Every structure is written in structure tokens, then in C-alpha cells.
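Colleague: would you be able to build a 3D model of this:
(chains A, B, C and D)
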Protein chains: 2
Amino acid sequence: MNDYHLSSSPENYSLRGKVFHKLREDILNGKYKQNEELKEAAIGEELGVSRTPVREAFRQLELEGLIQMVPNKGAYVTGITIKDVQDIYMIRSLLEGLCAKWATEHITEEQLSEMEENIYLTQFHQEKGHMEQFAALDNRFHEIMYEACNSKILEHTLKDFHQYVYRVRKKTLANGKRGADSCREHKEIMEAIKEKDAKKAQMLANKHMINAYENMLKKDFEHAFEKED
Amino acid sequence: MNDYHLSSSPENYSLRGKVFHKLREDILNGKYKQNEELKEAAIGEELGVSRTPVREAFRQLELEGLIQMVPNKGAYVTGITIKDVQDIYMIRSLLEGLCAKWATEHITEEQLSEMEENIYLTQFHQEKGHMEQFAALDNRFHEIMYEACNSKILEHTLKDFHQYVYRVRKKTLANGKRGADSCREHKEIMEAIKEKDAKKAQMLANKHMINAYENMLKKDFEHAFEKED
DNA sequence: ATTGGTATCATTGTATACAATTATACATAA
DNA sequence: TTATGTATAATTGTATACAATGATACCAAT
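Modeller: From the prediction side, this is the model:
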């Protein structure tokens, strides 16, 4: 998967990291249903590892709220509801605005170059209909902003939320119309950042999220959740 | 660090949970300094447990961003800087606003009663100078709002941030003047909620955080002239 | 003296053994 | 039949053993 923000983290190089990412992906993708019990031994056997890395992954999933642990009993899938996703979009609209504002004040030349290249490529792949690359680049745009805002806390928070709604994002972006709009909005945000107009960048990033939210409500949102169940 | 776990979670009843909370407390309280290496065996011995619960606690602390793990090498304290706290206050000012807005729309009669009683008691203890009770009640006011907003995601995000800056909060609230202001602001927020004026509640909660932030800055300024310890 | 290699130690990563806890099945008594 | 107690099994919680990795010290060669 495209876990860009974790790509350089130790998570990927240990069994625990692999188990953690695998389980998170499976939960968000609906492989494990709401309230389903996850057994350490079974998961371990399935992935060919012992219980130890599985347990450590469970602790992290619990902290992320994807599973709930009952002492001496078991781990149960919490999953993510439609309302959760909606709430996250509302929260993100505020925080992405703040992030754009701070990014305007702290972005480096290199980050700005990457952003410029990112938008150029995004446009290309969007027009060509290369959805896989488009989704990855769209993700990357947001992550560049997160990194540019110069706030470890905000970066961490937004990356978390971003990751959380990744599955829904992929589906809504597959909608051609929204893809083009999203791309244009990214460009406008970048231009505001380049002009050092923090207020404008904030407003645009804010609106960008609201638009994504409304598109999500309007379009294939229900589909995204009905399909797997 | 978006751990959506409940504060009443099983965390507290297992060795892992105890280790996790102990280490978090110690890191936030500055017992372990920036970049200090935490060794599993040493921590385990100190707390009288084996490495296993310590390791699991490490995984959670890493996810919370309090320590950074280097594979096959060790765990290093990330800690929390003044800037982190400032950033959190800025983030919270937005999110507490959203929370107040949603709380206005979803608060129950019981929650409103508790809030009313809370403010009454807060005022009492504030005037009497009972700082311990005052701090606890002040905390509780915010938690009631978090619970009333009817968003699991926002509730847990805010509780998390709230916990994160708890230590700083205790210090700034000890400032008598700010205590009285804070108390009055709580009352105004509640009245807006009672009047079902969501926009006003949002604005007031927003301002409440900004005020706390500015008061904190002032405190830091004063501390700048004191000896480090 | 400096470089390079090697042995040794310290520490983390993983697997497994054992203890504690909870769920389940079944027998027994009212 | 229903309720209750008990034995058994399944599962998690914790400790420990062993493997893999990285750090350190020391020696030898130049």
C-alpha cells in the first residue's frame, strides 16, 4: 500500500510492522467485520509468525481505535462508520486550513518544487485516467503540506486522519469530475502559498475539504460501504 | 497520536497498561530527557515486570509519538516541546469550537445538568483557592463537552490532546487571574449551548482556547527569567 | 598512529512455555 | 425443566529462552 508517511519508518522492517499494516488494511477494507473477534494465535498462524508480533500489533491497533481489547477475553474489531468518516472530513477541513496557513509561512524551496512537480504530474495522470498514480500523487500533495507546516503535532494528526479515510478517498477520487476539481483546487492552494497569502491558502484548503466532503455525500459513498458487507 | 481509546479502557488493569501510563507520565513530566535511550530490560526491572509488557507499552508510546524506535537499536525519548504545546493549543482552539457547536446540537438534559453543577462548583472552589478541585472540575467541563458532541472521533482526539497538555494546564490554572477568567468563559459557553446558539458557542469555545494560549505564553515569558531546573 | 578486522558484549526481535482468566459443556439437584 | 456447580478447554497475560543485530574494545598489519 501507499503508506508514504511511514515508508521510512521502522514499521515496515519488522514482523510487528508488517502485521500491524496488514491488519489495519484488512480492517479498513472490511475483511474483518464489525465486532468480529481477532485471535492472536489464528492471525499469527495465518501470517506465519508467532503471537508476540501479533500482540504488539494489536496494542497499536487498539491505540488507533480500530480494535477494542477486553482484558483476558479478546480483541474485537471496531471498524469505522460512515459518521466517523464524515466527522473526520469536518475536522480535517479545519486542520487542513490551519496546515495550509502554517505551510505558507514555513515551506522550503525544495518542498515548493516538489509540490509544483506533484501538481504537474497529477494533472497529467488525471487527464489520462491513470487512477492509481493519480490517487498516489493526490495523497502526496497533502503530505507535502503536512511536512511543510513545520508542526510535528499537526503533521502527525493529519497524517493519521488521512490514512484513516484512505479507502474512501480512493473511491471518491475515481469519480472523474471530482478528480479534475480536486486537481484544480490543489493548484490554487499552491499558488496562494507561493504568493505568501496565508489567509487565502487557509481558506482554499478549508474549502477543498468541504468540497471533498460534499462530493463524498453525493456520490458513491454508500456504495463504498455496502460493497464489502 | 490519535488514539481513540476510552479513558476507562482496560489499559489500567494490565501490567502493560500500567507501564504505558507510567512511562507516558514520566516522559511528559520530564523524568526522561530528550533523546534519552529507554532500555526494555532496565525499565522492566525498575517496575518489577518482564520485558514483554514493557515492549508492548513501547509500541503504544511510539504510536503516540512520545518515543522513537530505531530497529534493533533502541527507543529514544521524543518528549514534548514548548512549540508542541503551543501547536496543540492552536489546534484545540479550532476543534473545541467545532466540539461546542456539535455539543449545542446534541447535548442531553443530563449532560447539561452536570455542566451546570460543574460550573457552580468550579466557581466555588476557584474563589476559595482550592486549586486541586478547581483543576479537576475545569478538566471535567471540557470532557462533558467532548462527550456531548456526539462524535466518537472528535471526542477521542480532544481527550488525547487534553491529556497531553495536562501538566501545562495545571501550572497556568494556578494563576489566580486566569482561573477566574476561565471559569467565566465556561459559563458563557454553557449559556450559549443552553440558548441553542451553536455559532456563538463555537466562537466562545474558540476564544476560550486562544485566551488560555495567550496566558500560557505570558507564563513562559515569566519563566524565561527564572533559573532552569 | 591509523586502519581494518575480529571477538565479545549489549540490546532488540521473535518464539515458546507457563500462569491466569474466561467460556463452555455437562452432570446433578431442586 | 431450570438452576447451579464443576471440570475442561480455549484464550489471553506474562516470563523467559534463544536468535539476530548493532556497538565496543582490542589486536594486528601497515
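Colleague: domains in chain A, by residue range?
Modeller: A:4-77, A:82-226 (automatic domain parsing).
Colleague: out of those, nearest to B:Lys18?
Modeller: When the domains of chain A are compared by CB to CB, domain A:4-77 sits nearest B:Lys18, at 12.5 Å. Using the backbone N, CA and C atoms, a C-beta is placed for each residue, glycine as well.
Colleague: tell me the pLDDT at the nearest residue to A:Lys194 once chain neighbours are set aside?
Modeller: The spatially closest residue to A:Lys194, leaving aside those adjacent along the chain, is A:Leu112, at 6.8 Å (CB to CB, 6 or more residues apart in numbering or on different chains). If you check A:Leu112, the pLDDT there is 97.
Colleague: what's the answer for A:Lys128, then?
Modeller: At A:Lys128, pLDDT is 90.
Colleague: equivalent analysis for A:Lys219, please.
Modeller: In this model, A:Lys219 carries a pLDDT of 62.
Colleague: over to the one 4 residues further on?
Modeller: What the model reports for A:His223 is a pLDDT of 50.
Colleague: please apply the same query to A:Met203.
Modeller: pLDDT for A:Met203: 98.
Colleague: picking that back up, Three-state assignment for the residue nearest to A:Lys194, please.
Modeller: helix (DSSP: H, G, I helix; E, B strand; the rest coil).
Colleague: so it touches A:Glu195, yeah?
Modeller: No. Between A:Leu112 and A:Glu195 there is no contact under CB atoms under 8 Å: 11.7 Å.
Colleague: what does chain A put close to chain B?
Modeller: Within chain A, the positions adjacent to chain B are A:10, A:13-14, A:16, A:52, A:55-57, A:59-60, A:62-65, A:68-71, A:78, A:83-84, A:87-88, A:90-91, A:94-95, A:98, A:151-154, A:156-157, A:160-161, A:164 by CB under 8 Å from any CB of the partner chain.
Colleague: now the buried members of those residues.
Modeller: By neighbour count, with 16 or more other CB atoms under 10 Å in any protein chain shown, the residues of chain A next to chain B hold A:10, A:14, A:16, A:52, A:55-57, A:59-60, A:62-65, A:68-69, A:78, A:84, A:87-88, A:90-91, A:94-95, A:98, A:151-154, A:156-157, A:160-161, A:164 as buried.
Colleague: okay, the angle between the lengthiest helix in chain A and helix B:82-106?
Modeller: Ranked by residue count and defined by DSSP state H, the top helix of chain A is helix A:82-106. Calculated by axes from the mean of the first three to the mean of the last three CA atoms, to 10 degrees, helix A:82-106 forms an angle of 140 degrees with helix B:82-106.
Colleague: can you pull out the strands in chain A?
Modeller: Under the criterion DSSP state E, chain A contains strands at A:37-38, A:67-70, A:74-77.
Colleague: for those, give me a markdown table that also has distance to B:Phe124 and mean pLDDT.
Modeller: Supplementary listing: the strands of chain A in a markdown table, determined by distance: least, CB to CB, whole Å; pLDDT from 0 to 100:
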| stretch | distance to B:Phe124 | mean pLDDT |
| --- | --- | --- |
| strand A:37-38 | 48 | 94 |
| strand A:67-70 | 38 | 89 |
| strand A:74-77 | 42 | 92 |
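Colleague: to B:Leu204, which of the ones you listed lies closest?
Modeller: strand A:67-70 (34.1 Å).
Colleague: please save the CA atoms from that closest one in PDB.
Modeller: The C-alpha trace of strand A:67-70 is given here as PDB (Å, rounded to 0.1, in the frame of the first residue of the first chain):
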ATOM      1  CA  ILE A  67      -9.900  -2.700  17.600                       C
ATOM      2  CA  GLN A  68     -11.100  -2.800  21.200                       C
ATOM      3  CA  MET A  69      -9.500  -5.100  23.700                       C
ATOM      4  CA  VAL A  70     -11.300  -6.700  26.600                       C
END
